[in-house]
Structure formats: structure tokens, C-alpha cells
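Engineer: got a structure for you, letters missing:
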């Protein structure tokens, strides 16, 4: 059974390697807000357990074994978030901190029952895929809203960033998963995007916002 600290390291490595494939000690230290000597000590342990590839003065890489173990932790986290929203009435911006605690429970049966009660969801409340019990993640290729063109009609499927501040921003704009956007204008100067969506709302989103909205094109005849 992995310790909570090991699980936190694995999860951080999973997300960092997903972006860059290789991770420096400094990046991992910043991500976890832990000192570099502490990170150095832990990565040696993770390497001995076959969870990462580590050589002195070289970037870290997560192994396939490490990736699967990290995916299983992420599965518990995302299942918990979905349970809190669907069964307990939490808002999508209230679930992360609770799930951070529950994900460390070492009881496969507990999470299997949770999965069953939810009717085996494929995605969490923010549209992120929930890994299966073997740690495999369904790869969904969505577009960023930034990548869309004028007159495109798209549906919001996932979020590239789920901080409380960003989720609150979306709530204020009355935006949730499955909101349909029609791209009305893209500003040449700063790439801000004007969109039309429910109840005749017209909003201008910055590039920063558009990069965080993951969408799927709606094909119309």
C-alpha cells in the first residue's frame, strides 16, 4: 500500500509528464510546494520501486507502472468528485478539496460501490475522463475554444483548468458542461472570442479563458 505522500508525488508526476514528458526536480518541487532535498530523497524511493526513471542531473520520467498507479489514484479522486456532485448535491467548485482527502482511502470495494451507485460514469463533473479499474484512461481529443473559427458551433465537453476561481467565473456566466457556443467573432489583435450561447447571451472571452474551454464541434447539415 502506497503512502499518501507517495500517491501525491505520483499524481503530480502524472500531470507534469502529461504536459512535457520529462520533469525536472525543480518543477516537481514547485508543483508540490516541497523542498528540493525532500524531492530528491523521494524520487530515489520512487525509482527503486520502478515508478519513475531517475538518473542524477537528468529529467524525471514516469514509468508505465507509475502511470498506471497514478491513474488509479486519479480514478478515486474523479469518482469521488462525481459522487459528491450527483449524490450529495455539492457544486462543481466545492468537490476538489474533499476528493483530495478521500482519494487516499485504500479500499477498492469502496470505490467499486461508488462507481456502481453512479452507474459507471466515464467523466467527472468537469468533463475529465475517469480511468477504469486497471488504470486505463479513455483518450478524448477535444479542441480548445481558441482553435475554433467564426460560425463554428461547438459544445463544451471539458475544462482545461478547474481552479475554484475559474469555476466561479463560469458559474457567473451561466456556463456548464454541454453549453453550446456559436462563434461570432475572433479579434485579430488579442485573439479574444465573441460567442453566443443560451438565452441570447453574447460574451467576449479572453484567450486565457478560451484556452481552458475544451469543446467538440457540432456537425450540421
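Structural biologist: Received, thanks. Just so it is clear, the model here is predicted, and its values are computed rather than measured.
Engineer: quickly list what the spatially closest residue to residue 150 that is not a sequence neighbour is bridged to.
Structural biologist: Spatial nearest neighbour of residue 150, excluding adjacent residues (CB to CB, 6 or more residues apart in numbering): residue 183 at 5.4 Å. Bear in mind the C-beta positions are built from the backbone N, C-alpha and C, glycine included. When bridges are called by DSSP bridges, residue 183 pairs up with residue 195.
Engineer: residue 183 and residue 143: what is the separation?
Structural biologist: Look at residue 183 and residue 143: by CB to CB, to the nearest Å, they are 11 Å apart.
Engineer: ok, residue 204 next?
Structural biologist: Separation of residue 204 from residue 143 (CB to CB): 19 Å.
Engineer: of the two, which one has the most company?
Structural biologist: Using other CB atoms under 10 Å as the criterion, residue 204 and residue 143 rank with residue 143 on top: 15 against 12.
Engineer: OK, contacts around the more buried one?
Structural biologist: By CB atoms under 8 Å, 6 or more residues apart in numbering, the residues touching residue 143 are 154, 214-217.
Engineer: how about it, phi and psi?
Structural biologist: Here the main-chain torsion angles of residue 143 (degrees, to the nearest 10) amount to phi -90, psi 150.
Engineer: repeat for the one 4 residues further on
Structural biologist: With angles defined as degrees, to the nearest 10, residue 147 sits at phi -80, psi 0.
Engineer: okay, now it: neighbour count?
Structural biologist: 14.
Engineer: do residue 100 as well
Structural biologist: Counted by other CB under 10 Å, the residues lying close to residue 100 total 14.
Engineer: helix or strand for it, which one?
Structural biologist: Element membership for residue 100 (DSSP states H and E) is helix 96-102.
Engineer: enumerate the positions of that helix that are buried.
Structural biologist: Using 16 or more other CB atoms under 10 Å as the test for burial, helix 96-102 gives 96, 98-99, 102.
Engineer: determine how far it lies from the middle of the whole chain.
Structural biologist: Put simply, helix 96-102 sits 14 Å off its chain's centre (CA atoms, centre = their mean, to the nearest Å).
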